[in-house]
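Asks: sequence and computational prediction follow.
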Amino acid sequence: MTRKAETFKAAIVLAMLCCRGWGQSAPATILQVDIENWVEYVYDTPDTAKWATNPDKTPAAVPKNFTLQTGIADIVAVNGEPVKGTMVRNLRNMNLAAVQTPGQAIGDAPRGAIVTDYFEILKADGSTVGTIIVSGLVPGPPPPGAPLAVTQGNFAVVGGTGAFLGVRGQSGQNANPQVVTLRQASVTEDPANRRQNGGGGRVRWVMNLIPVERPSIMMSSNAPAVTHSSDFSLVTAAKPANAGEVLSLFATGLGPTKPGVDPGSAFPASPTAVVNSPVAVLVNGQPAEVLGAVGYPGAVDGYQVNFRVPPATASGTATIQVTAAWIAGPQVQIPIQ
């Protein structure tokens, strides 16, 4: 890059740091989290010496009211993208029912248990994206205003870590793909054999998230902060982008990097601070090839994302949208020739 281009790029970025993205309203953030091999271990014996010792598949005694259970499942996909991770559940039975039944709890809302679930989501390479924590009641109908895909469960999203720091919202289960009922096992069963013992459940969780901060493409004085990577000049009507061209966008809200920096600290020039979460760029709703996403050196919460405009993109006005950890920001528009 020439000195002139470096100076021009620096001026753009400094201006952008004061100007957040604008455009259409950001869409609702819906995560569909698929889990498999779901087994719940019932505390059916007080003898702790027997816990997690039996290598065989064990049936659980029917849990009585107020019995504790611990659930473990594998997270296998988020919004259809293969991932890794673990869901861990703490559950206490209470068996609420409107009809008085000996040994069960009386209550107007029929619910079987109070639950806290922890979803620790990893990328396919095993690096941690973050954790989402939900707490609520099962089974029974979802709350008013829940995503229509939620078929049961009344859960509040009470927080998160990593890319999901401070997130709020609501969540529940969905019947699509077809639910496989979870397996209940005795607490004496060795959980190391959870996968090989088989019979675990499968379900899709639907989370409507309200992030503390979402990705947002910055603005220069008169256009979105999307530049030609060749010279870092702005994409404008006077200098439109081409289909297949590599562009750079500058954004906020892409979350933690690897290596990380302390909150509120600027990103270093070396080593490069690579965005830890999965990052995607959509051009007219179609996925673009993302070539890199890094914290911009010297910026606080400022990032550079290089991407290739899909070769089949039609001429005219194109929408650009960036997502991080499946959380999407508002769209902006650039000209394509």
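Replies: Structure received.
Asks: wait, is A192 part of a strand?
Replies: No. According to DSSP: H, G, I helix; E, B strand; the rest coil, the state of A192 is helix, so it is not within a strand.
Asks: neighbours of it, how many?
Replies: Per other CB atoms under 10 Å, the neighbour tally for A192 reads 10. Every C-beta, even on glycine, is put in place using the N, C-alpha and C of the backbone.
Asks: same question, F232
Replies: Count around F232 with other CB under 10 Å applied: 21.
Asks: next: the one 10 residues further on.
Replies: A total of 15 residues lie near N242 under the criterion other CB under 10 Å.
Asks: likewise for the one 5 residues further on?
Replies: A count of nearby residues for L247, using other CB under 10 Å, gives 23.
Asks: how far away from the center of its chain is the helix or strand containing it?
Replies: L247 belongs to strand 246-252 when assigned by DSSP states H and E. Centre-to-centre, strand 246-252 and its host chain are 21 Å apart (CA atoms, centre = their mean, to the nearest Å).
Asks: begin at 120 from here
Replies: Sure, I'll start counting at 120 from here, so that last one is strand 365-371.
Asks: so what strands line up beside that strand?
Replies: strand 335-336 (antiparallel), strand 345-347 (antiparallel), strand 422-427 (antiparallel) (DSSP bridges).
Asks: now those in a markdown table, with distance to S246, mean neighbour count and mean pLDDT?
Replies: Formatted as a markdown table, the strands paired with strand 365-371 follow (distance: least, CB to CB, whole Å; neighbours: other CB atoms under 10 Å; pLDDT from 0 to 100):
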| stretch | distance to S246 | mean neighbour count | mean pLDDT |
| --- | --- | --- | --- |
| strand 335-336 | 24 | 24 | 96 |
| strand 345-347 | 28 | 24 | 97 |
| strand 422-427 | 18 | 22 | 98 |
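Asks: which residues in the protein form helices?
Replies: 122-135, 313-316 (DSSP state H).
Asks: what's around the residue lying closest to Q297 once chain neighbours are set aside, how many residues?
Replies: Using CB to CB, 6 or more residues apart in numbering and skipping the chain neighbours, the partner closest in space to Q297 is R321 (7.9 Å). Using other CB under 10 Å, R321 is surrounded by 18 other residues.
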